[in-house]
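*Asks:* Sequence plus predicted model, see below.
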Amino acid sequence: MSIIKMTGNAIGRHSSGSTLIEVLASLLIVSFGMLSIAGLQTVGLRNNQSAYFRTQAIMYTSDMVERMRANIAAVDVAAYDDIAGGDTAACFLVIGCTGAQMAAQDINDWENEIVAMLPSGDSVVCLDSTADDGTAAAKACDGLGRVYAIKVWWDDNRDGTANQRYVLSFQPL
């Protein structure tokens, strides 16, 4: 049987703590990496929320086009052109309502949904020869032509100002 006898320090007598410095440097590098990952996660969440708002705007503009197609007689007489929405009780009764009353009800319901679903949401439906213009404060509807512009604005960066716009043009046949 063999016996091994150890004398002195098993690690070595000239240890100077370089391992501790290497561990601290590694910890620092890993910390920066984790902070970078957190930053990427934040950007990803912000972009995901922005895409959600844009999807909502697209959905609401398409919804208004379908409402207008269902009430084409009112579209033909410009009943949807830059009107203020309003509740019309007759539209919910068996007797029904006129095309202009239905247009006002459509605009009312549609605008309420936009305000509820989009931050600082604002919208307009109007005849407009230059559809891709305007702001939430100045809608820029000129009332010319036969093409309706369905415009939706929302606050994408949550600074209190509706700074994003989506416009869908609709020309009845």
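*Replies:* Yep, that arrived.

*Asks:* how near is the nearest residue in space to G145 that is not next to it in sequence to Q41?
*Replies:* Using CB to CB, 6 or more residues apart in numbering and skipping residues adjacent in sequence, the residue nearest G145 is S129, 4.4 Å away. Where you see a C-beta, it was placed from the backbone N, CA and C, and this is true even at glycine. Distance, S129 to Q41, using CB to CB, to the nearest Å: 45 Å.

*Asks:* repeat for I29
*Replies:* From I29 to Q41 the distance is 19 Å (CB to CB).

*Asks:* And N163, by the same measure?
*Replies:* Noted for N163: a distance of 24 Å to Q41, by CB to CB.

*Asks:* tell me, how many neighbours does V124 end up with?
*Replies:* By other CB atoms under 10 Å, 21 other residues sit near V124.

*Asks:* That one falls within a strand, correct?
*Replies:* Yes: residue state for V124 (DSSP: H, G, I helix; E, B strand; the rest coil) corresponds to a strand.

*Asks:* For it, give me its contacts.
*Replies:* 82, 134, 139, 141, 149-151 (CB atoms under 8 Å, 6 or more residues apart in numbering).

*Asks:* now, which of those residues sits nearest P119?
*Replies:* If you rank these by distance to P119 using CB to CB, K151 comes first, at 16.5 Å.

*Asks:* Let me see the ranges of the strands in the protein.
*Replies:* Ranges of strands in the chain, per DSSP state E, are 122-127, 148-154, 164-170.

*Asks:* strand partners of the second one, parallel vs antiparallel please.
*Replies:* Strand 148-154 sits in its sheet next to strand 122-127 (antiparallel), strand 164-170 (antiparallel), going by DSSP bridges.

*Asks:* So which of those strands is nearest E22?
*Replies:* Ranking the strands paired with strand 148-154 by proximity to E22 (CB to CB) places strand 164-170 first, at 49.2 Å.

*Asks:* what number of residues lie near the spatially closest residue to D128 that is not a sequence neighbour?
*Replies:* Take D128 and drop its neighbours on the chain: the residue closest to it by CB to CB, 6+ apart is A149, 3.9 Å away. Using other CB under 10 Å, A149 is surrounded by 26 other residues.

*Asks:* So A149 versus S18, what's the distance?
*Replies:* Distance from A149 to S18, by CB to CB: 70 Å.
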